[in-house]
Structures are given as structure tokens and as C-alpha cells.
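*Asks:* What would the 3D arrangement of this be:
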Amino acid sequence: MTDISTSAALMDLLGISVPILQSPMAGVSTPQMAAAVSNAGGLGALGIGAASIDQAEEMLRQTVALTGRPFNVNVFCHRPALEDSSREAAWLSALAPVFHSYNTAPPEALREIYTSFCVDTDMQEMLIAQRPAVVSFHFGLPPQGVISALKSAGIILLATATSLAEAAVLVSAGIDAIVAQGWEAGGHRGIFDPRGADPRLGTLELVRELVTNLNLPVIAAGGLMTGADIAKALAAGAVAAQLGTAFIACPESSADAGYRAALLAADPKTEMTTVISGRPARCLRNRFTDLAQKLDPTIIPDYPIAYDAGKALNTAAKQAGELGYGAQWAGQGAAGVRAMPAADLMQQLLSELAAEQ
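*Replies:* Okay, the predicted model is just below:
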């Protein structure tokens, strides 16, 4: 087995020249962003967890056309949603007054808006055929047979862990490197079981625990915004750092105007919430997170069924000129975001990292 316990070894395996990975950020990352990061020597990423097979193939095609360097393709491995018509009706009833305030009726019913990679055989077969350099898993792992098939195709596999117990599962499954997602991270919490206990470890604490107890390379993720932050992660034992929120304000991002304005506001705050999608996710504080304080969390439908309602509410509010119901995912370091092209941000991060070494 190849020793990839050092930063240089992992970078060689991934085909990158600097220890910086861009977070996949489904709905925000684009082929243009992924290519810009990869062309700058890092590992760009596409989030296809919410994409159809046709959309995913087109994203891969566009990225390949923009860069000859490796990039990461991320998929969601959540437990398929369990439908519960009574709970879904109760959730729509709870949200109805907000819909009505924007002169819109809530949906008559909710649906599972995208399929878990665990059971999406078409997406599995597409990735095996396309053979992107790297595939990463969030929310858990697909069946072992799928992991074996991807590895047999020569694909490097990464997966998110939020605890030592989850990381140990990744080691046993043959994953090549662990993305240690700290509590500070923006977007969806990668915890395998969202209804289970969550240790809520910070990024550096989690990195140190995994490095101390496991023999697998660890990539730090969560709250990292600058080269100095990257240096701290490397000093804690990580072999690379993954940044997401830092790239949202880049022009290559697909974040809408409301998202960008909220992110670039003075001293933006974030909250972990389940109301938007049905799974814990860190979001900029907005109208939706404020609404969460008034709703009964026990009636939130399964992910991503709840997300169907969340997206419908955001659409209704935006049509009325209210931009505060979006899934404005961001980490706790959001106040440090810098609006510049992704290539320029990469150079800035590398300059800051060099200054710390």
C-alpha cells in the first residue's frame, strides 16, 4: 500500500502541487471554479449530489474542457428518505403562513428531490465510465461494491468524517484520505446519522484526534479562510486543507445576488439549522434561520424531502423581492471572505501560507 501519510505524498497521489482543495459546494461550485482552482495547482471540485445524470455529465464535460488537471467530483451518500405523509403535511401546514405572506400557496405535497448516490446506479455507472481523478463522499459511504468498482477504475476516493468513529469506518472501507469536517464548516454537516449524537468537534481538534489514532491522511475542512488558517491545519497534522466559504464570493461561483450580499455584509453570523433541508447545515443567519426558532423541529420531513419545501419557499419569497430564505450556506469564518477571482484567491492563499512557513 502506498504511504500517503505526508502532504507531499498525498499531493502527488492527487496530482496537485499545493495543499489546497476547494470544497465541492453543491449548487455553488461550477466547472469554471473547479478548473480555476485546479489550474492554480490545487484540487478543484464539483458537487453533483443534487444534479441529474445529464446535469452531472455536462458539468464534468465542461470542467474537462477547461482544465487538463485533476478535479474532485462529490456525491451525497445519505440514507434514502423515508416518506411520511402526515409529517410532511404538518410541515407544510407550519410553513403555510409564510407562503401566504408572499401571496403563494405552499406545495400540495413534497417529494424526494434527488436520489442518494447509494442507490443511484446510473450515477455510479457514469462515474466509473468517466473516471474523474477523484470522487468524494459526503454523509457516509455507498455500498462496498461501489467503492471497489470506483477504486478498480483508478479513482482516488475521499470521504467526510465528523468524528473518530466515522473516520474508522472510512479506514475499514478502503478510502484513500479523510476529510475531517469540523463544527465550524459551512453547508451540510457530513455526519452519517443526523439523528445521532454529534461530538461537534472543532476542525483542528478533530484533525489532531484522527491523526493521533488512525493511519490515513487527513484533510482539514471547516472555518479555514486564509493561508494562516491553512498553516495551522497543517501544523495540527493535516496533509492538506479544504476551503469552501472562502470561494463563494468568487465570480466563478453560482451564488445568487442575495447570497453574495448576505455573505459580504458587515460581520455575517451563521447558525446550524435543519429547517431548510431536513439535515443539519450551517447557514448565514437570515429569515429562514430566524423562522427556525418558531417551528417544531420534530415535524421536519426527512432530507431531502424537507428541502423541496425550503426551495419552494425561497422561490416564492424571491419573486416578492425577499432574498432571505435562500440556502446561504457559510462557515464560521464567513467574515473573512474576499471577493476576487478564484485564481487570484489561490495566489493570495499561497502567499499567506508561504509567509507562515
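*Asks:* In the chain, what residue spans correspond to strands?
*Replies:* With DSSP state E as the definition, the chain shows strands at residue ranges 20-22, 44-47, 71-76, 134-138, 156-161, 177-181, 187-188, 218-221, 240-243, 270-273, 281-284.
*Asks:* Show me what the first one is packed against.
*Replies:* Using 3 or more Cβ pairs under 8 Å, 6 or more residues apart in numbering; DSSP states H and E as the contact criterion, the neighbours of strand 20-22 among helices and strands are helix 31-39, strand 44-47, strand 240-243, helix 342-356. C-beta coordinates here come from the backbone N, C-alpha and C atoms, glycine included.
*Asks:* If we use 10 Å, what do you get?
*Replies:* helix 31-39, strand 44-47, strand 71-76, strand 218-221, strand 240-243, helix 245-248, helix 342-356 (3 or more Cβ pairs under 10 Å, 6 or more residues apart in numbering; DSSP states H and E).
*Asks:* How about the shortest one?
*Replies:* The elements that strand 187-188 packs onto, with contact taken as 3+ Cβ pairs under 10 Å, 6+ apart, are strand 281-284.
*Asks:* And for R195, the neighbour number?
*Replies:* The burial count assigned to R195 is 10, neighbours taken as other Cβ atoms under 10 Å.
*Asks:* Surely D344 touches R338?
*Replies:* Yes. Taking Cβ atoms under 10 Å as the definition, D344 is a contact partner of R338 at 8.9 Å.
*Asks:* just to revisit the earlier point, save the helices and strands packed on strand 20-22 as JSON lines, and put in mean pLDDT, mean neighbour count and distance to G190 too.
*Replies:* Written out in JSON lines, the entries for those read as follows (pLDDT from 0 to 100; neighbours: other Cβ atoms under 10 Å; distance: least, Cβ to Cβ, whole Å):
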{"stretch": "helix 31-39", "mean pLDDT": "98", "mean neighbour count": "25", "distance to G190": "20"}
{"stretch": "strand 44-47", "mean pLDDT": "98", "mean neighbour count": "28", "distance to G190": "13"}
{"stretch": "strand 71-76", "mean pLDDT": "98", "mean neighbour count": "26", "distance to G190": "10"}
{"stretch": "strand 218-221", "mean pLDDT": "97", "mean neighbour count": "29", "distance to G190": "9"}
{"stretch": "strand 240-243", "mean pLDDT": "97", "mean neighbour count": "28", "distance to G190": "11"}
{"stretch": "helix 245-248", "mean pLDDT": "98", "mean neighbour count": "29", "distance to G190": "15"}
{"stretch": "helix 342-356", "mean pLDDT": "97", "mean neighbour count": "17", "distance to G190": "23"}
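*Asks:* wait, which of these is closest to I300?
*Replies:* strand 71-76 (17.8 Å; Cβ to Cβ).
*Asks:* Strand 156-161 and that closest one, what's the angle between them?
*Replies:* Note on geometry: by axes from the mean of the first three to the mean of the last three Cα atoms, to 10 degrees, strand 71-76 and strand 156-161 are set 40 degrees apart in direction.
*Asks:* Strand 71-76 - contacts with which helices or strands?
*Replies:* Using 3+ Cβ pairs under 10 Å, 6+ apart, strand 71-76 sits against strand 20-22, helix 31-39, strand 44-47, helix 53-66, helix 121-130, strand 134-138, strand 156-161.
*Asks:* Could you please name the strands it pairs with and the direction of each pair?
*Replies:* strand 44-47 (parallel), strand 134-138 (parallel) (DSSP bridges).
*Asks:* Quick one: those as TSV, columns for distance to S253 too.
*Replies:* Compiled in TSV, those are given as follows (distance: least, Cβ to Cβ, whole Å):
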stretch	distance to S253
strand 44-47	12
strand 134-138	19
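*Asks:* For L350, which of these is the nearest?
*Replies:* strand 44-47 (15.0 Å).
*Asks:* The helices and strands packed on strand 20-22: which one's closest to A306?
*Replies:* Shortest distance between A306 and the helices and strands packed on strand 20-22, using Cβ to Cβ, is found for strand 71-76: 14.4 Å.
*Asks:* before we move on, the earlier item: any common contacting residues for D344 and R338?
*Replies:* Common neighbours of D344 and R338 (criterion: Cβ atoms under 10 Å, 6 or more residues apart in numbering): C250.
*Asks:* one step back: between the strands of the chain, which one is nearest to P297?
*Replies:* Closest to P297 of the strands of the chain, according to Cβ to Cβ: strand 270-273, at 9.3 Å.
*Asks:* This completes my enquiry, with thanks.
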